[in-house]
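A.B. asks: Sharing a model prediction with you, sequence too.
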Amino acid sequence: MKKRILTGDRPTGKLHIGHLFGSLQNRVKLQDEYDQFVMIANVQALTDNFDNPEKVKESISELICDYYAVGIDFEKTTIFIQSEVPQIHEIFIYLANFTTIQQVSHNPTIKTEIADKKFESSTPLGFYIYPIHQAGDILVVNADLVPVGRDQAPMIESTRELARKFNETYKSKVFNEPQAIFGTEKNIPGIDGNVKMGKSLGNAIYLSDNSETLKKKIKMIYTDPNRIHATDPGKIEGNIAFFYHDLFNEDLDEIEDLKSRYKIGKVSDVEVKERLFFAMEKVLSPIRERRKIAENQKDKLLEIVLENSKKVRAIGQGVVEKMKDAMKIRF
Ligand code: TRP
């Protein structure tokens, strides 16, 4: 039998090229070999966007279009919506007995997020418990593998621990201990040179951006700030135009030629960026075309996702019943 994968995204906006190299291409690769589930984490998105339900709702169809656009196959991959699977909440409440407030408070990811969001002494409980709730996402299908970014490592670690403690306490074999798979891909910097690309940072190139927008954004890309004339020798390190060349441009000779000419002041930023535009268009224009197809059949795609959610509900119900059996609350 194929091993089961679960992964997820918070619906809080459209996906960008950071996601493409960070997770999306990987999902396209994994979908043939594994039984892959992709969850749209709208309940989790609400934990820090509860006052903006419109955004979360609209982002669901953006995600669906982005998935389709990059080649996630809606037949091979089971895409589902978190709020349609209440078994996740049920699993969460039973698992919550197996951790402590102190343990959650030491979770590095949640610590950083609380600091970033300036929650300080008024952290919403719903947000605070999301790492444990996320264990419910993973265990609702009893996943074997969870491909995630490094920042999610503590969540997977706590999921393993919760699964193990539950099994041990009730001398049962309800859960697998799911394993994280970390991508080898590097973090994609924003067009402004910030190490992270993000919606809130205003430095992202979206999969849905059209040609003109792409061109405009490429013009804004951070290069070598000390280089004023095309005849000045330029730096490659930290130069985002070349970082993107390495990601997108298949013509390795061209990259080498541009880099060596850049270093000695024999090529302009304009030319480097023109070549970059061609290279990026080659990758992004087919994605953009497929995204248009997706937009034209949004309703149908959502219907598939809702049908899938029913399937996951049934799988989750099986898990819940085993848990209840173990806890002697199944009547
Ligand atoms: N917390 C993840 C993120 O912010 C999204 C997510 C929710 C997730 N549930 C998950 C990822 C379960 C992997 C498994 O990116």
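C.D. replies: Thanks, I have it. Numbering: from 1, shown residues only.

A.B. asks: buried stuff in stretch 244-254?
C.D. replies: Under the neighbour-count criterion of 16 or more other Cβ atoms under 10 Å, stretch 244-254 has 244-245, 247-249 buried. No exception for glycine: its C-beta is placed from N, CA and C like everyone else's.

A.B. asks: Of these, which belong to helices?
C.D. replies: Using DSSP state H, the members of those that fall within helices are 244-245, 247-248.

A.B. asks: Closest one to Lys322 out of these, please.
C.D. replies: Leu247 (44.3 Å; Cβ to Cβ).

A.B. asks: What about the nearest residue to the closest one once chain neighbours are set aside? Give its phi and psi, please.
C.D. replies: Excluding the flanking residues, the one nearest Leu247 by Cβ to Cβ, 6 or more residues apart in numbering is Phe21, at 6.3 Å. Per-residue torsions, Phe21: phi -80, psi -30 (degrees, to the nearest 10).

A.B. asks: low-scoring stretches of this structure, by residue?
C.D. replies: The chain contains residues with pLDDT under 70 at 184-186.

A.B. asks: if you set the cut-off to 90 instead, what comes out?
C.D. replies: In the predicted model, the chain carries pLDDT under 90 at residues 1, 22, 119-121, 149-151, 183-187, 198-200.

A.B. asks: any idea which helix or strand carries whichever residue of the stretch 51-200 of the chain sits closest to the ligand?
C.D. replies: Residue of the stretch 51-200 of the chain nearest the ligand, by Cβ to the nearest ligand atom: Asp137 (4.1 Å). Under the criterion of DSSP states H and E, Asp137 resides in helix 130-139.

A.B. asks: starting at the chain centroid, how far to that helix?
C.D. replies: Put simply, helix 130-139 sits 16 Å off its chain's centre (Cα atoms, centre = their mean, to the nearest Å).

A.B. asks: Format the CA atom coordinates belonging to that helix as PDB.
C.D. replies: Below are the C-alpha coordinates for helix 130-139, written out as PDB (Å, rounded to 0.1, in the frame of the first residue of the first chain):
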ATOM      1  CA  TYR A 130      -3.200  25.600  17.200                       C
ATOM      2  CA  PRO A 131       0.000  23.400  17.400                       C
ATOM      3  CA  ILE A 132      -2.000  20.700  19.200                       C
ATOM      4  CA  HIS A 133      -4.900  21.200  16.900                       C
ATOM      5  CA  GLN A 134      -2.500  20.700  14.000                       C
ATOM      6  CA  ALA A 135      -1.800  17.200  15.400                       C
ATOM      7  CA  GLY A 136      -5.500  16.500  14.800                       C
ATOM      8  CA  ASP A 137      -5.000  17.500  11.100                       C
ATOM      9  CA  ILE A 138      -2.200  15.000  10.700                       C
ATOM     10  CA  LEU A 139      -3.700  12.200  12.700                       C
END
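
A.B. asks: quick one: contacts of that helix?
C.D. replies: Residues external to helix 130-139 that are found in contact with it (Cβ atoms under 8 Å, 6 or more residues apart in numbering): 6, 8, 39, 41, 43-44, 47, 82, 87-92, 95-96, 99, 104, 107, 109-110, 146, 154-156, 158-159, 162-163, 175, 178, 319.

A.B. asks: Show only the entries of those residues found in helices.
C.D. replies: Of the contacts of helix 130-139, the ones assigned to helices by DSSP H are 43-44, 47, 87-92, 95, 104, 109-110, 154-156, 158-159, 162-163, 319.

A.B. asks: Buried subset of the residues you listed as a ChimeraX selection?
C.D. replies: A single ChimeraX command selects the buried members of these (16+ other Cβ under 10 Å):
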select :43,44,47,87,88,90,91,92,95,104,109,110,154,155,156,158,159,162,163,319
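
A.B. asks: just the ones in helices among the contacts of helix 130-139 that are near the ligand?
C.D. replies: Of the residues in these, proximity to the ligand by Cβ under 6 Å from any ligand atom holds for Gln44.

A.B. asks: Met197: which of the ones in helices among the buried residues of stretch 244-254 is nearest?
C.D. replies: Nearest to Met197 out of those is Tyr244 (Cβ to Cβ; 10.7 Å).
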